[in-house]
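In: Build me a structure from this.
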Amino acid sequence: MDFVRYAERAAELVNGSFDEVEEVRAYLSDRAWLVDQVGPRDVPALKRFQRELRPVFETAVDGDEISVVTALNALLNTHPITPYISGGDSRDWHLHVSNRSSSVAELLVAEALMGLATLVCDVGALRLGVCQATGCVDVFVDTSPNQSRRYCSDRCSSRANVAAYRARRRAEATDVGQGAHA
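Out: Here you go, the predicted structure:
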C-alpha cells in the first residue's frame, strides 16, 4: 500500500463533511467495495476522529515535531492498528491495514493513522499543514520536494496569489496618488 496515499486520505478525512451515511458513501466512491458496508455508526465515529486528528495537523504548523509524534502516538494507542502483508510473491509484498474491523470508520481511522505514522517516520513530522488561505481551514500533507506547500489546493493557492497581487496593485496606486499630491 502507498502510505503517502493513506496520509493524504487522513487529510481528506479531516476536511470531509460526514453528517450523514450518504456523505461517507460519497467519500468512498472510489472504493466501491466499502460503500455498501457503511453504517449509521460510522458517521459519529468519523466525526469524533476528525476532532481527534485535526490537532495533529495544527501542531505540525507550529513546528513542534515532538508534539506531533506524541499526539500521533496517543491516537495510535487509542485506535490500535493491525497491519498485514499482502501480495502474491516476493516481488509484490506490501503492507495493508486489516479489514477485519467491525466498521468502515475503524478501517479508515487505521489507514489514516498508519499512513501518517509512516509518513512522519519516512519524511518528518512537519509535512502536515493547515491551509494559509484566508477563510480556509482545510489540512493537507506536504509531499513537495522542498517542504514548501502552504495551501490545501491549487484553488486556494490561486485565490491567495490573486488577492496578494490586487493588494500590491492597490498599494502602488495609493503610492502614485499620494506622490502626485506631495
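In: any low-confidence regions in this structure?
Out: Confidence mapping of the chain against pLDDT under 70 gives the ranges 1, 99-101, 177, 179-182.
In: Tell me where it has helices.
Out: Taking DSSP state H as the test, the helices found in the chain are 3-15, 21-27, 32-35, 42-61, 65-78, 104-123, 154-181.
In: hmm, who's touching stretch 26-37?
Out: Stretch 26-37 is contacted by residues Glu12, Leu13, Gly16, Phe18, Arg25, Val38, Ser103, Val104, Leu107 when judged by Cβ atoms under 8 Å, 6 or more residues apart in numbering. C-betas here are computed from N, CA, C, even on glycine.
In: Please check those residues and keep the buried ones.
Out: Buried residues within the contacts of stretch 26-37, counting neighbours by 16 or more other Cβ atoms under 10 Å: Glu12, Leu13, Gly16, Phe18, Arg25, Val38, Val104, Leu107.
In: quick one: buried residues of stretch 121-140?
Out: Counting neighbours by 16+ other Cβ under 10 Å, the buried set in stretch 121-140 is Ala125, Leu126, Arg127, Leu128, Gly129, Val130, Cys131, Ala133, Cys136, Asp138, Val139, Phe140.
In: give me the number of residues near the nearest residue in space to the fourth one that is not next to it in sequence?
Out: In other words, Leu128. Counting by Cβ to Cβ, 6 or more residues apart in numbering, the nearest residue to Leu128 once its immediate chain neighbours are dropped is Ala60, at 3.7 Å. Ala60 is flanked by 26 other residues according to other Cβ atoms under 10 Å.
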